[in-house]
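Enquirer: Here you go, sequence then predicted model.
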Amino acid sequence: MAGVVRLRVQYLDDEKDEGKQEGPIYEYTLDTSRPLGEHLYELCGMFALGEGMYSLQIAESGVYLFDDEEDPLDVQLEGMEGSLLYIRIAPMARAENCLDILDANQESVLKKELFSIRFRLRDAGFAEEFIAMGGMARLLEIITDFEGNIQAYALTAVRGFMGYYSGLNEFLDAPDLVDRLFFLVAPGVLGNVCRQAIELLFVLCNYGGFQLVHKAAKFTAGVVGGEA
C-alpha cells in the first residue's frame, strides 16, 4: 500500500570513500505512490546536481531503488523509516565512464583507473553493469597489451569481478577469454602477474571450467610450439 517514508538523503561523491563523505544530509519525505524519477528530479535540485543519470541507493544494504510494478517503492522501503539514502551517479553511467577511460590507452590514466576499480567493486550495481558492458574482455585486452603495474592492477580487477556470478560466467561462456588468461602463464611474464593468472585458472577449474582451461593449455602449447 502506497504511503510516505521519511528518509535522510546524502549526495555520494564517487571520487571519495564512503566513510569520508562531507556533504550535507537532508531530510526528505518520499511519497511511494509517485514515480522514482520525480523524486530524483527533486533531489537533484536540492543538492544542485548537474545534468546526468542518478540513482538512489540504500546506504546500509547497498541496494538501489527502482520502479517496478511487481516490487513497488513501498515494498522496497518497508521498515526503512529514518534510513539514510545516497543519491549518486547511476551504476550504468559510472560503468560507461570507466570503460571510456580504459579505452584511452594512456598509461598514467589507465594505472589510476585500474587501481580505483578495486574500491568500486564493493558496489554490486557498478560491477554488474561493467560486466554486462563487456568490461571483462577489455581488462583482458589491457593485460595482453601492457606490462608491469598496469597488467597487475588489471588482473586484480578481473579477480574482483569474478567474485560475482555474472563475472565468473563471463569466462565460462567465452573460451577466448580463458585462452588470453592462459597466455600469461609463461616464461618472461612478471612473476606476480603469472601467479595471479594461475590462481584465476584454478578458480575457473573449481567452478566447472576445467575443460576450458584444458583446451586453453593445449591451444597455448600449440601456439608456442608453432612459434619455436
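Expert: Structure received. Numbering: from 1, shown residues only.

Enquirer: Show me what the longest helix along the chain is packed up against.
Expert: Across the chain, the longest stretch assigned as helix under DSSP state H is helix 210-227. Counting contacts by 3 or more CB pairs under 8 Å, 6 or more residues apart in numbering; DSSP states H and E, helix 210-227 packs against helix 175-182, helix 191-204. For every residue, glycine as well, the C-beta is placed using N, CA and C.

Enquirer: Tell me which of these sits nearest to L114.
Expert: helix 191-204 (13.0 Å; CB to CB).

Enquirer: any idea which of the helices and strands packed on helix 210-227 is most buried?
Expert: For these, the largest average neighbour count (mean count of other CB atoms under 10 Å) is found in helix 175-182, namely a mean of 20.

Enquirer: Please enumerate residues in contact with the lowest-mean-pLDDT helix or strand in the chain?
Expert: Using mean pLDDT, DSSP states H and E, helix 210-227 stands out as the lowest-scoring helix or strand of the chain, at a mean of 78. Under the criterion CB atoms under 8 Å, 6 or more residues apart in numbering, residues 171-172, 175, 178-179, 181-183, 185-186, 201, 204-205 lie in contact with helix 210-227.

Enquirer: switch the cut-off to 7 Å
Expert: 172, 175, 178-179, 182-183, 201, 204-205 (CB atoms under 7 Å, 6 or more residues apart in numbering).

Enquirer: what does stretch 72-82 rub up against?
Expert: Residues contacting stretch 72-82 (CB under 7 Å, 6+ apart): 1-3, 5-8, 32, 36, 58, 65.

Enquirer: again, 6 Å this time
Expert: 2-3, 5-6, 32, 65 (CB atoms under 6 Å, 6 or more residues apart in numbering).

Enquirer: same question, stretch 122-141
Expert: Residues contacting stretch 122-141 (CB under 6 Å, 6+ apart): 64, 91-92, 94-95, 99, 102, 120-121, 154, 157-158, 161, 164, 166-167, 170, 177, 180.

Enquirer: same deal with stretch 5-17?
Expert: Contacts for stretch 5-17 (CB under 6 Å, 6+ apart): 23, 25-26, 28-30, 43, 47, 77, 81, 83-89.

Enquirer: so how far is it off the chain centroid?
Expert: Put simply, stretch 5-17 sits 19 Å off its chain's centre (CA atoms, centre = their mean, to the nearest Å).

Enquirer: Quick one: the contacts of stretch 72-82 as TSV, columns for distance to G134, pLDDT and secondary structure too.
Expert: Shown next, in TSV, are the contacts of stretch 72-82 (distance: CB to CB, whole Å; pLDDT from 0 to 100; DSSP: H, G, I helix; E, B strand; the rest coil):
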residue	distance to G134	pLDDT	secondary structure
A2	39	62	coil
G3	41	81	coil
V5	37	93	strand
R6	41	95	strand
T32	36	94	coil
L65	27	96	coil
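
Enquirer: Of those residues, which is the nearest to V193?
Expert: Nearest member of those to V193, counting by CB to CB, is L65, at 40.0 Å.

Enquirer: Counting neighbours, what do you get for the closest one?
Expert: 20 (other CB atoms under 10 Å).

Enquirer: I89: how many residues sit nearby?
Expert: I89: 18 neighbours (other CB under 10 Å).

Enquirer: partner residues bridging it?
Expert: Y54 (DSSP bridges).
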